[in-house]
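Participant: With the sequence up front, the predicted model follows.
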Amino acid sequence: MSIPTDRLERPKRFYKSAAAGPLDEGFGVLLDARPLRTPAGARLIAPTQALASLIAEEWGAQAQVIDLDRMPATRLAFTTLDRVGEARAEVVAEVVRYAGSDLLCYHADAPAALAERQAKAWGPILDWARHGLGLDFTPTEGIVHRAQPGPTLRRVGDLAEALDDFQLSGLVFATALYGSAILALAVQRERLTAEDAYELARLDEAFQEEKWGLDEEAAARAEHHRGDARMIGGWFQALA
């Protein structure tokens, strides 16, 4: 039986300083001048100093205890180094799976106001995907699954496979966050900011909030996801 993370004893902060610094293979996070290691024991090596700095900022922001729940860039870096390199095919397949039922392809059939809002907001991104990336998705109305063209899904796989491990892990993280490989690719390729992409992903939720009011639990969840969006935006910027 798993134990809720809020009941786990978090480790105490054991270092005074956290900073990015050069290592032989790239850039690392230095805790009191000692290189940070992943859970699997590998030294955390980032390809750019900007990305190492992004991760180091999370460690520097910790107070008396280390709360990995509030360190999304660190967790993503650990995943990249410990898992993605050995499981690239599975990671690419996950992006393709999301693309097969991409959020931007499912437009509301009612109410008309929501359908119009989705068409206006999502249409330009679908057009960009078609003309800019060669991804010809087929939108539909309602929630009944509609298969996407095979060539489109293979093209999504090719685009994901062409990325290095850090870009690929960022792409799959963003894809899951948005429920959309299209939005994730738009952020990775700087067509959208990560925050704007998140707001596009939650159009339906925002519409319902306008109609029925704001739910406190949903608002807290949305703010948490906005934090993840800010992180992944910084992740891709740091890799540019």
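Facilitator: Ah, there it is.
Participant: pLDDT score for residue 171?
Facilitator: Predicted confidence (pLDDT) for residue 171: 98.
Participant: Oops, could you answer that again for residue 10 instead?
Facilitator: 85.
Participant: The residue nearest to residue 58 when sequence neighbours are not counted: what's it in contact with?
Facilitator: Closest residue to residue 58 apart from its sequence neighbours, by Cβ to Cβ, 6 or more residues apart in numbering: residue 71 at 4.2 Å. In short, each C-beta sits where N, CA and C put it, glycine included. For residue 71, the contacting residues are 58-59, 62, by Cβ atoms under 8 Å, 6 or more residues apart in numbering.
Participant: which SS state does the residue sitting nearest the centre point of the chain fall under?
Facilitator: Residue closest to the mean C-alpha point of the chain, counted by Cα atoms, centre = their mean, is residue 174 at 2.3 Å. Following DSSP: H, G, I helix; E, B strand; the rest coil, we place residue 174 in the helix state.
Participant: in a helix, that's where residue 234 is, yeah?
Facilitator: Yes. Assignment of residue 234 by three-state DSSP places it within a helix.
Participant: and it, how many neighbours?
Facilitator: Burial measure for residue 234: 18 neighbouring residues, criterion other Cβ atoms under 10 Å.
Participant: And the helix or strand hosting residue 177, what's buried?
Facilitator: Using DSSP states H and E, residue 177 falls within helix 165-178. Residues of helix 165-178 classed as buried by neighbour count (16 or more other Cβ atoms under 10 Å): 165-175, 177-178.
Participant: How confident was the prediction at the residue nearest to the centre of the chain?
Facilitator: With respect to pLDDT, residue 174 scores 98.
Participant: Can you tell me the element the closest residue to it other than its chain neighbours falls in?
Facilitator: With Cβ to Cβ, 6+ apart as the criterion, residue 174 has its nearest non-adjacent residue at 3.7 Å, and that residue is residue 184. For residue 184, the element it lies in under DSSP H and E is helix 181-188.
Participant: The helix or strand just after that helix: how far from the chain's middle?
Facilitator: As assigned by DSSP H and E, the chain's next helix or strand after helix 181-188 is helix 194-201. Mean-position distance between helix 194-201 and its chain equals 11 Å (Cα atoms, centre = their mean, to the nearest Å).
Participant: contacts for helix 194-201?
Facilitator: Under the contact criterion Cβ under 8 Å, 6+ apart, helix 194-201 has outside partners 103-104, 121-122, 125, 174, 177-180, 183-184, 186-187, 192, 206, 225-226, 229-230, 232-234, 236.
Participant: repeat that for 7 Å
Facilitator: 103, 121-122, 178-180, 183, 186-187, 225-226, 229-230, 232-233 (Cβ atoms under 7 Å, 6 or more residues apart in numbering).
Participant: got the residue ranges for the helices in the chain?
Facilitator: 49-60, 72-82, 88-100, 112-133, 150-161, 165-178, 181-188, 194-201, 203-212, 216-239 (DSSP state H).
Participant: Deepest in the core, which of those helices is it.
Facilitator: With neighbours taken as mean count of other Cβ atoms under 10 Å, these reach their highest mean count in helix 181-188, at a mean of 28.
Participant: between it and helix 165-178, how big is the angle?
Facilitator: 130 degrees (axes from the mean of the first three to the mean of the last three Cα atoms, to 10 degrees).
Participant: Going forward, count from 238.
Facilitator: With the count now opening at 238, the last piece we talked about shows up as helix 418-425.
Participant: Give the residue spans of the protein that score low on pLDDT.
Facilitator: 238-245 (pLDDT under 70).
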